[in-house]
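Participant: from the sequence below, what's the structure:
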Amino acid sequence: MEDNSPKRPKSFVWNGKEYVVEEIIAQWQDWGFSSGAPSKNWRTRRHRNCFRVKTVDGSEFEMYLDRGAKPIGGDWYLLSRLK
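Facilitator: Predicted coordinates:
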């Protein structure tokens, strides 16, 4: 059986420190348009898997996987540290 589920964050490095994800608190899709989009059609729509995560040290972050980005599979972005 093929696994078609979106990628989920397992760990990441921020400011030289590695954080291991303990829990996915929330996840959602962002299909909106950026403010600089030249037109609003399916090609300029965002394709992001967004996550709010808790790490093993108790910190919480929001991050997303930009599935439209190159290389194939997308790029990860850290939006903010919440706690």
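Participant: I'd assumed residue 50 was in contact with residue 8.
Facilitator: No. Counting by CB atoms under 8 Å, residue 8 does not reach residue 50; the two are 11.5 Å apart. All C-beta spots, glycine's among them, are computed from the backbone N, C-alpha and C.
Participant: residue 67 contacts residue 74, doesn't it?
Facilitator: Yes. Under the criterion of CB under 8 Å, residue 67 makes contact with residue 74 at 4.4 Å.
Participant: now do the buried residues in the strand of greatest length in the chain.
Facilitator: The residue-count maximum for a strand in the chain (DSSP state E) belongs to strand 17-30. Within strand 17-30, the residues that qualify as buried are 19, 21, counting by 16 or more other CB atoms under 10 Å.
Participant: point out where the chain drops to low pLDDT.
Facilitator: 1-6, 32-46, 69-73 (pLDDT under 70).
Participant: quick one on the thing from earlier: what's in contact with the longest strand of the chain?
Facilitator: Outside of strand 17-30, the residues within contact range by CB atoms under 8 Å, 6 or more residues apart in numbering are 8-13, 46, 48-57, 59-61, 64.
Participant: any of the residues you listed buried? List them.
Facilitator: 9, 12, 46, 48-55, 61, 64.
Participant: would you list every one of the strands in this protein?
Facilitator: Using DSSP E, strands in the chain cover 11-14, 17-30, 48-55, 60-66, 75-81.
Participant: parallel or antiparallel, list what pairs with the longest one.
Facilitator: Sheet pairing for strand 17-30, assigned by DSSP bridges, gives strand 11-14 (antiparallel), strand 48-55 (antiparallel).
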